[in-house]
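Asks: how does the following fold in three dimensions:
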Amino acid sequence: MDKKKNVYEKIADFLNKSKIPTAYILFIYITSVQFLPDSWISKEFKEVTVWPFMVTLGIIILRVFFDIYKKINEPKKTLPFYSKWGDVINSGDFSKLFKKRLHDDKVIYIKVIGISLRFHWYYIKNLMEEYLIQDKNVEFNVTLAMLDTKSYNKLEFIDESFKQKFLKQAEATKNDIELFKNTYEGKDRTCKCNVELIEYTFMPSFYGILLDNKFLFLGNTYWGKEMIRSAGQSYNLYVEDDDFSGSERIKIFNSWFEYIDSQNGKE
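Replies: Presented below is the predicted three-dimensional model:
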């Protein structure tokens with residue numbers, strides 16, 4: 001949560017933001033004085049205003065050059081990229097965000113879209129168990145969306161062995177989620193945990209994890225030889241209101257998640 005500013009900090013912010021507009025107003029005022037008829041204003045007053053005119057003009061020129069210099073030397077922003085899920089873990093970026101959100105708000109919301117969830121679920125589970133075992137005063141709300149194991153026969157995979165591998169991983173994940181829920185949900189404890197598993201019956205165009213509707217680790221799937229193929233489990237990190245359409249990506253992710261949830265159990 002953003003820290004509330006006191007009255008002195010607000011005044012300081014206002015003065016900082018108003019410096020250049022004030023300089024422009026002063027420059028226009030002093031300049032206009034020089035062109036007023038002598039009958040309106042004395043010659044002495046005009047001469048007195050020359051020095052403030054020069055100083056103000058100098059301030060404006062320096063600010064323009066400073067802005068140009070800052071723009072030229074400003075580091076170019078890049079979209080955070082991870083070539084595989086292991087890089088997300090090793091970077092510590094997800095765990096840092098996870099722990100900070102819990103520290104700040106005590107409640108966290110996570111949405112996951114995956115095929116077998118073989119990477120995502122076990123990592124998130126381990127992070128949650130650090131708090132659950134110690135029974136800390138936090139709350140987890142996790143919704144997981146995975147490919148329905150009953151639909152594997154209707155979908156095209158790279159080959160039969162690849163399909164069977166995914167199917168085994170998916171079934172193992174489902175069993176582990178159920179075991180986790182039986183262990184921690186609905187218990188008389190300080191640390192609250194709500195985990196929901198929903199399933200879909202189509203090959204997704206992307207996969208990823210959304211944290212508190214603000215941080216999205218997103219990867220894309222692609223088609224090759226008329227069969228769905230993963231993009232190597234690579235991810236980009238989008239943040240709400242970032243310079244890479246993060247808010248729009250989050251909106252799209254949520255819309256697909258809502259669709260999956262609405263279709264869950266219909267087929």
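Asks: how about the nearest residue to residue 118, chain neighbours excluded?
Replies: Leaving aside its sequence neighbours, residue 118 sits nearest to residue 169 (Cβ to Cβ, 6 or more residues apart in numbering; 4.4 Å). Heads up, the C-betas are built off the backbone N, CA and C, glycines and all.
Asks: where do the helices sit along the stretch 51-200 of the chain?
Replies: 85-91, 93-105, 120-134, 160-184 (DSSP state H, counting those that start in this stretch).
Asks: now the ones you listed in TSV, with distance to residue 236, mean neighbour count and mean pLDDT?
Replies: Output for the helices of the stretch 51-200 of the chain, formatted as TSV (distance: least, Cβ to Cβ, whole Å; neighbours: other Cβ atoms under 10 Å; pLDDT from 0 to 100):
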stretch	distance to residue 236	mean neighbour count	mean pLDDT
helix 85-91	10	15	93
helix 93-105	12	16	94
helix 120-134	16	17	95
helix 160-184	23	15	88
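Asks: out of these, which comes closest to residue 190?
Replies: Closest to residue 190 of the helices of the stretch 51-200 of the chain is helix 120-134 (Cβ to Cβ; 9.5 Å).
Asks: quick one, strands of the stretch 151-267 of the chain?
Replies: Using DSSP state E, counting those that start in this stretch, the strands of the stretch 151-267 of the chain run over 192-200, 206-211, 215-224, 227-230, 235-239.
Asks: any chance of those strands in CSV, with mean neighbour count and distance to residue 177 too?
Replies: Formatted as CSV, these follow (neighbours: other Cβ atoms under 10 Å; distance: least, Cβ to Cβ, whole Å):
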stretch, mean neighbour count, distance to residue 177
strand 192-200, 18, 5
strand 206-211, 22, 15
strand 215-224, 16, 20
strand 227-230, 14, 21
strand 235-239, 21, 22
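Asks: nearest to residue 124, of those strands?
Replies: Of the strands of the stretch 151-267 of the chain, nearest to residue 124 by Cβ to Cβ is strand 206-211, at 7.7 Å.
Asks: state the mean pLDDT of the closest one.
Replies: Computed over strand 206-211, the mean pLDDT rounds to 94.
Asks: what helices or strands is it leaning on?
Replies: helix 93-105, strand 107-113, strand 215-224, helix 246-263 (3 or more Cβ pairs under 8 Å, 6 or more residues apart in numbering; DSSP states H and E).
Asks: neighbours of the nearest residue to residue 110 once chain neighbours are set aside, how many?
Replies: Leaving aside its chain neighbours, residue 110 sits nearest to residue 142 (4.6 Å; criterion: Cβ to Cβ, 6+ apart). Residue 142 sits with 22 neighbouring residues when counted by other Cβ atoms under 10 Å.
Asks: what's the closest of the helices of the stretch 51-200 of the chain to residue 218?
Replies: That would be helix 85-91 among the helices of the stretch 51-200 of the chain, by Cβ to Cβ, at 11.1 Å.
Asks: bridged to the closest residue to residue 219 other than its chain neighbours, which residues?
Replies: Counting by Cβ to Cβ, 6+ apart, residue 219 lies nearest to residue 235, which is 4.7 Å off, once chain neighbours are set aside. For residue 235, the beta-bridge partners are residue 82 (DSSP bridges).
Asks: returning to that earlier point: and the helices of the stretch 51-200 of the chain as a markdown table, adding distance to residue 151?
Replies: Output for the helices of the stretch 51-200 of the chain, formatted as a markdown table (distance: least, Cβ to Cβ, whole Å):
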| stretch | distance to residue 151 |
| --- | --- |
| helix 85-91 | 23 |
| helix 93-105 | 29 |
| helix 120-134 | 19 |
| helix 160-184 | 10 |
